[in-house]
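# Structure here, sequence nowhere to be found:
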């Protein structure tokens, strides 16, 4: 039996990536960081829900890279699909939907340090398409000749 508004009984409105209401309200805070990102190492930061904003701050003199796929995927570092933060207190503020990001230390001799602040929605991470393992064909990422 249908409701008076012509909706089937099993219809239930829910959160989703395309639902603007989840991005219009303040996000839930998420804080993390490290002062021991080893030389040449990578940290994967997985968020419990989809983000609406991510701020990364370099806390040391070593360059760090911010990227959305592991550096083990050749296209990530080989095709410059990253942002470099190259001095203490250098930061990047991104208003993006993501389920994880990666931070890499490209210095070959010293540990790096960083802090991350994120605003989280209530949208489950399984709602996003998987850009992290796709290699090529990432929306918004293009190789330049």
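Everything's here; your move. None of the values given here were measured: they were computed from a predicted structure. Numbers count the residues shown, from 1 in each chain.
# can you give me the helices in the protein?
Counting by DSSP state H, the chain has these helices, from start to end: 21-24, 74-78.
# I'd like to know which of those is closest to residue 39.
helix 74-78 (15.3 Å; CB to CB). The way it works is simple: take the backbone N, C-alpha and C, and place the C-beta from them, glycine included.
# Does anything pack onto the closest one? Which helices or strands?
strand 64-67 (3 or more CB pairs under 8 Å, 6 or more residues apart in numbering; DSSP states H and E).
# Give me the sheet partners of the strand it packs on and which way each runs.
Sheet pairing of strand 64-67 (DSSP bridges) gives strand 83-85 (antiparallel), strand 100-105 (antiparallel).
# ok, and what's touching it?
Strand 64-67 is contacted by residues 37, 56, 58, 71, 76-77, 81-85, 92, 101-106, 112, 114 when judged by CB atoms under 8 Å, 6 or more residues apart in numbering.
# for the record, mean pLDDT for it?
Averaged across strand 64-67, the pLDDT comes to 94.
# mind starting the numbering at 110 from now?
Fine by me, first position is 110 from now on; the one you just mentioned is strand 173-176.
# so what's residue 169 closest to, chain neighbours aside?
Spatial nearest neighbour of residue 169, chain neighbours left out: residue 222 (4.4 Å); criterion: CB to CB, 6 or more residues apart in numbering.
# that older thread, now the buried members of the contacts of strand 173-176.
Using 16 or more other CB atoms under 10 Å as the burial test, these include 146, 165, 167, 180, 185-186, 190-191, 194, 210-215, 221, 223 as buried.
# quick one, what contacts the closest residue to residue 214 other than its chain neighbours?
Spatial nearest neighbour of residue 214, excluding adjacent residues (CB to CB, 6+ apart): residue 221 at 4.0 Å. Neighbouring residues of residue 221 by CB under 8 Å, 6+ apart: 146, 148, 167, 169, 171-173, 214.
# cool, and residue 206?
So residue 206 contacts 126, 159-161, 237 (CB under 8 Å, 6+ apart).
# Only whichever of those are buried, select them in ChimeraX.
Those of the contacts of residue 206 that count as buried under 16+ other CB under 10 Å are selected in ChimeraX with:
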select :159,160,161,237
